[in-house]
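Chemist: Model the structure of this input:
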Amino acid sequence: MSEASATRTGCPVLRFDHRAIQSGERFRVWDELRALGPIFWSDQYGGFWVVGGFEEVSAVLRDDATFSSAKNPDGTGGQSIPPFIWQRNVPGEYDGEEHVRLRSVLLPPLSPKLIEGRRPMVAALVSEIFDRLEGRATVDATREIAVPVPAHSMFTFMGLPRSDAEAIGLTVHEIMGAREGTARAAELAPALEAIKQRMLDEVAERRARPTGDIISLYANLTDENRKLGPDELLSVLVTGMLFGGLVTAAETLANGMVYLARHPDMRARLAAEPELIPNFVQDLVRWVTPASSVARTVTKTTVLGGQTLKPGERILCLLGSANHDPKAFEAPHLVDPGAWRNRHVGFGLGAHFCPGAPLARLEIEITLRELLRRAPAYTIDDLDQAAIGLADPAGGWRPLVLRPKG
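Modeler: Predicted coordinates:
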């Protein structure tokens, strides 16, 4: 991050690339950006506004009429800067009545009540994963806990064979960790296409022989008297459930294990009072903010943070920065299970709130509960190198050597 030639009166103009922030630098960079003021302009990716304060970010996320999530047919707009190269996110990159209709069609299976009903299933999966690690002196907490738990949970939820869960889960993390345009991204392109084709094959099978699972439900779903098309199904099942569901939960879970290893008093407290774990998970999501930014497009002239924004301009909300704003959260760089800080934007805010949040929280809660029951004094090697960000696009995902007996 560096200063660029100022071209906007009264507004900082920076050569700021949010995708280049190294995982271990997040807190420092967010603090520095908020100190510049409520809003600034980046000259990267064609130019865009950036907000990182909780008040400003919340205002943008709540106002869909002024700040649009919609992705245009030509690929511009949408919820990422630069625009995500995959198909339009369904329902995330829609607005207004169309967005409401799609959420009403797609989201009932993800309701908090139904997800809570899956607690016994998730608990059994987590117990099975820990059983196979029993007696080990060391465990790779990313490859053997953080990635497998949401992978097995999601594969069971979707009706996919669990024998493929961990291999595909690890591949998903590799793909998410590879920056577009790099040699690694090119190497992984066939793997991505294979995952997409696998999902389309599963859809075709469920349309011929429905089984009652989530893929069957979406494959045979009717929206405005038509079944969902391939791009819509790939968005929901691959982009949303596999990539969004696996990476979000895994990154938060891995960083939760790191946090508790760095704060043994908190680890001991949660082990002794497991009823606090749900609150810890709620604040952990704020602390990690696995999807650390989201974009919008300005639809009409408006004023934000003292600057005039014009139609067509892009704006990036730094969700992670907002969640560490000391104006909104006391001691924001700490996780506090006693504060019940549930008004954060770790899963977004407003109409586009993440529909997978209940399942992710459930998976993280049950896993930490089981870890602390079985290994209340665990340690992690090289904690100084275990920076926040398991699947950070800039840093890739990394192993965590966990010692169950300390």
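Chemist: and the helix or strand hosting Pro190, how far from the chain's centre?
Modeler: Secondary structure assignment for Pro190, by DSSP states H and E: helix 183-208. Relative to its chain's centre, helix 183-208 lies at 21 Å (Cα atoms, centre = their mean, to the nearest Å).
Chemist: For it, the averaged confidence score.
Modeler: Taken as a whole, helix 183-208 has an average pLDDT of 92.
Chemist: what's the answer for stretch 241-249, then?
Modeler: Mean predicted confidence for stretch 241-249 is 91.
Chemist: who's in contact with that stretch?
Modeler: If you take Cβ atoms under 8 Å, 6 or more residues apart in numbering as the criterion, stretch 241-249 is touched by 147, 149-151, 153-154, 157-158, 168-169, 172-173, 175-176, 195, 199, 214, 290-291, 354, 356, 359-360, 363-364, 391. Yep, even glycine has a C-beta here, placed from its N, CA and C like the rest.
Chemist: What's the end-to-end length of it?
Modeler: End-to-end distance for stretch 241-249: 11 Å, by Cα to Cα, to the nearest Å.
Chemist: can you check stretch 237-249 too?
Modeler: 16 Å.
Chemist: switch to numbering from 171
Modeler: Right, with 171 as the first residue, what we last looked at is stretch 407-419.
Chemist: Buried residues, it. List them.
Modeler: 407-419 (16 or more other Cβ atoms under 10 Å).
Chemist: quick check, nearest of these to Arg189?
Modeler: Using Cβ to Cβ, Val417 comes nearest to Arg189 of the buried residues of stretch 407-419, at 15.2 Å.
Chemist: what ranges of the stretch 371-520 of the chain fall below the confidence cut-off?
Modeler: Counting by pLDDT under 70, the stretch 371-520 of the chain contains no low-confidence residues.
Chemist: can you do 80?
Modeler: 393-395, 510-512 (pLDDT under 80).
Chemist: which stretches of it form helices?
Modeler: For the stretch 371-520 of the chain, the helices defined by DSSP state H, counting those that start in this stretch cover 384-389, 400-404, 415-432, 434-442, 447-458, 489-492.
Chemist: Let me have the ones you listed in CSV, extended by distance to Val515.
Modeler: Putting the helices of the stretch 371-520 of the chain into CSV (distance: least, Cβ to Cβ, whole Å) gives the following:
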stretch, distance to Val515
helix 384-389, 27
helix 400-404, 27
helix 415-432, 14
helix 434-442, 23
helix 447-458, 8
helix 489-492, 5
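Chemist: The ones you listed: which one's closest to Gly305?
Modeler: helix 415-432 (19.1 Å).
Chemist: how distant is the closest one from the center of its chain?
Modeler: Using Cα atoms, centre = their mean, the offset of helix 415-432 from its chain centre is 11 Å.
Chemist: what's the answer for stretch 460-472, then?
Modeler: 16 Å.
Chemist: cool, stretch 342-361 as well?
Modeler: Stretch 342-361 has its C-alpha centroid displaced from the chain centroid by 18 Å (Cα atoms, centre = their mean).
Chemist: Now that stretch: buried residues?
Modeler: Val342, His343, Glu344, Ile345, Met346, Gly347, Ala348, Ala355, Leu358.
Chemist: so what's the last one up against?
Modeler: For Leu358, the set of contacting residues under the criterion of Cβ under 8 Å, 6+ apart consists of Thr341, Glu344, Ile345, Ala348.
Chemist: Name the SS class of the first one, please.
Modeler: Pointing back at Thr341 there. helix (DSSP: H, G, I helix; E, B strand; the rest coil).
Chemist: Show me what the strand or helix carrying Glu344 is packed up against.
Modeler: Using DSSP H and E, Glu344 sits in helix 335-347. Helices and strands in packing contact with helix 335-347 are listed as helix 318-328, helix 353-378, helix 415-432; criterion 3 or more Cβ pairs under 8 Å, 6 or more residues apart in numbering; DSSP states H and E.
Chemist: gap between Val199 and Ser463?
Modeler: Noted for Val199: a distance of 12 Å to Ser463, by Cβ to Cβ, to the nearest Å.
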